[in-house]
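K.L.:
requesting a structural model of the entry that follows:
(one chain, ligands or ions: 2)
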Amino acid sequence: MKRNRLWLGVGLMSLGALSTSCSKEAPAPQAAPAPTAAAPAESAPAAAAPEPPPQMAYAKLVSFFRPSASQAAVAKKDTPERIALGRMLFFENRLSKNHDISCNSCHDLASFGVDGKATSDGHKGQKGSRNSPTVFHAAGHVAQFWDGRAATLEDQASGPMMNPAEMAMPSEKHVLATLNSIPQYVKAFKVAFPGDKKPVSVTNAARSIAAFERELLTTSRFDKYLAGDEQALSEQERRGLNIFASSGCTTCHNGPSVGGTSFQKLGLIEDYPTEDKGRYDVTQNEEDLHKFRVPTLRNVEKTGPWFHDGSVKELATAVRLMGKHQLGTTLSDSEVDDIVAFLKSLTGELPGPELLSPPELPPSTASTPKPDPT
Ligand code: HEC
Ligand code: HEC
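P.N.:
Ligands and ions are numbered 1, 2, ... in the order given. Next comes the predicted model:
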């Protein structure tokens, strides 16, 4: 902890290196001079306007949000047939025990992939302990879930079906019995996985859902900015971006998804009160206590309430808390306003109804297992 304070003291800013440099470990110390914005508020006269941080060059600012080499290299193998099947399964209530919950219940695609609740309602209204993260841009994350316990979207997708607090299917067998009882699904799996001896499988269902999820991207004015149009952001948004980068937010929120590239301790500089052990639950490694996979900030304006437990109801509060607990900085009101303005520029356009609207689902047959409310 002391060491953290020290390196923060010498400036967390200018992580000139690309996002890959902090994809696995905590941010490395930098020898750059301390940004003025990072000075604790107590030492500044209450009424004096804080000195703005020095303006970073455009080339430097955009460098924080480049894809890493490995991300850029991921080839797209998802066929339209798999994506179409994945879309059906994403909206499929019959993959839940009582036929009343689908992936879309907690990750509402029309609402930027979230349900707007602190924690979601699963089978029989059971509440989980964590906030449902958005599925938009999840494909770009180093790992899935707040604690990263699933390595890929494929690994993640079969989890909720059999999770007793979520969709509560009693077994893989039950999932397969359901899918096999609906001839149109059997056909859709065959078409999506040609040459596969057993096309209807939970693995292939997960593959299809993952293929669909990889389509769930949005583009915002910030992308225009990254592509070279500096005027795509307003003056205030650019000011916010500059504070975001120079105060050190980009140490953790970097890469094309403005996050998702690393695990970081919540309360790095100043302890944050939470019972959730985060990544520690997965690794049992003391160092991972209260570490969470850094969330994407794409569409963050729309994905509240915020934080792993959904406890933060205002975006400005989330920004203030980040300054305090992650950077040891008290951000001024105007700095918070500017950062929030910048964050809102990350709100993108959703894909069209051909992807996001609920598809027509094939009818059940006499052999389809019945809904079970128990
Ligand atoms: C009852 C609500 C609920 C349902 C149903 C549900 N999820 Fe989730 N989902 C969550 C919660 C809560 C988390 C975070 C849990 C954690 O991190 O421990 C999550 C996490 C995820 C993530 C990880 C995102 C990230 O940024 O780490 C993905 C992807 C995802 N869900 C996709 C799905 C898919 C696909 C389905 C359907 C097969 C589904 N979910 C069904 C609540 C739900
Ligand atoms: C040391 C790493 C680190 C730094 C620096 C950092 N963050 Fe975060 N940020 C995180 C982590 C980890 C979370 C997840 C917190 C949680 O789950 O409770 C997070 C969450 C957030 C959220 C909420 C997102 C959501 O979907 O719930 C916002 C907004 C945010 N950060 C903005 C910022 C801003 C603005 C800065 C700079 C003032 C900043 N962060 C600095 C690691 C960091």
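K.L.:
indicate the residue of the stretch 251-374 of the chain located nearest to ligand 1.
P.N.:
Ranked by CB to the nearest ligand atom, the top residue of the stretch 251-374 of the chain for proximity to ligand 1 is Arg293, at 6.0 Å. The way it works is simple: take the backbone N, C-alpha and C, and place the C-beta from them, glycine included.
K.L.:
per-residue confidence for that residue?
P.N.:
Looking at Arg293, its pLDDT is 98.
K.L.:
same thing with Lys77?
P.N.:
At Lys77, the model reports a pLDDT of 73.
K.L.:
contacts only, for Pro256.
P.N.:
65-67, 71, 140 (CB atoms under 8 Å, 6 or more residues apart in numbering).
K.L.:
same thing with Thr119?
P.N.:
127-132, 309-310.
K.L.:
distance of whichever residue of the stretch 51-200 of the chain sits closest to ligand 2 relative to Ser132?
P.N.:
Scanning the stretch 51-200 of the chain for the residue nearest ligand 2 gives Trp146, at 5.9 Å (criterion: CB to the nearest ligand atom). Using CB to CB, to the nearest Å, Trp146 is found at 10 Å from Ser132.
K.L.:
in which helix or strand would I find the closest residue to the residue of the stretch 251-374 of the chain closest to ligand 1 other than its chain neighbours?
P.N.:
Nearest residue to Arg293 in three dimensions, chain neighbours excluded: Gly148, at 4.7 Å (CB to CB, 6 or more residues apart in numbering). Assigned by DSSP states H and E, Gly148 belongs to neither a helix nor a strand.
K.L.:
retrieve the pLDDT associated with Gly148.
P.N.:
On the pLDDT scale, Gly148 is placed at 95.
K.L.:
my guess is it meets Val282, correct?
P.N.:
Yes: the criterion here is CB atoms under 8 Å, and Gly148 meets it with Val282 at 6.5 Å.
K.L.:
quick one: which of the two has more around it?
P.N.:
Legend: neighbour count by other CB atoms under 10 Å for Gly148 and Val282, higher for Gly148 (20 against 17).
K.L.:
ok, that one - contacts?
P.N.:
142, 263, 279, 282, 293.
K.L.:
and for the third one, the neighbour number?
P.N.:
If I follow you right, that is Arg279. There are 24 residues near Arg279, going by other CB under 10 Å.
K.L.:
who's in contact with it?
P.N.:
147-148, 263, 285, 288-289, 291-293.
K.L.:
closest to ligand 2 among those residues?
P.N.:
Nearest member of the contacts of Arg279 to ligand 2, counting by CB to the nearest ligand atom, is Phe292, at 4.3 Å.
K.L.:
the closest one: which element?
P.N.:
Using DSSP H and E, Phe292 sits in strand 291-293.
K.L.:
helices or strands up against that strand?
P.N.:
strand 263-265 (3 or more CB pairs under 8 Å, 6 or more residues apart in numbering; DSSP states H and E).
K.L.:
partner strands of the strand it packs on and their direction?
P.N.:
strand 291-293 (antiparallel) (DSSP bridges).
K.L.:
from the chain's centre, how far out does the strand it pairs with sit?
P.N.:
11 Å (CA atoms, centre = their mean, to the nearest Å).
K.L.:
can you check stretch 342-356 too?
P.N.:
14 Å.
K.L.:
tell me the mean pLDDT over that stretch?
P.N.:
Stretch 342-356 comes out at a mean pLDDT of 97.
K.L.:
outline the domain layout of this structure.
P.N.:
The chain breaks down by automatic domain parsing into domains covering 2-38+52-71+219-344, 79-214.
K.L.:
where among the ones you listed is average confidence lowest?
P.N.:
Averaged per stretch, pLDDT over those is lowest on domain 2-38+52-71+219-344, reaching a mean of 84.
K.L.:
is any part of it close to ligand 2?
P.N.:
Yes: using CB under 6 Å from any ligand atom, domain 2-38+52-71+219-344 reaches ligand 2 at 244, 247-249, 251-253, 264, 266, 268, 292, 294-295, 297, 300, 303, 306-308, 318-319, 322-323, 326-327, 339.
K.L.:
which members of these are classed as buried?
P.N.:
Buried by 16 or more other CB atoms under 10 Å: 244, 247-249, 251-253, 264, 266, 268, 292, 294-295, 297, 300, 303, 306-308, 318-319, 322-323, 326-327, 339, out of the residues of domain 2-38+52-71+219-344 next to ligand 2.
K.L.:
skipping adjacent residues, who's closest to His99 in space?
P.N.:
In space, and not counting its chain neighbours, His99 is closest to Pro371: 3.9 Å by CB to CB, 6+ apart.
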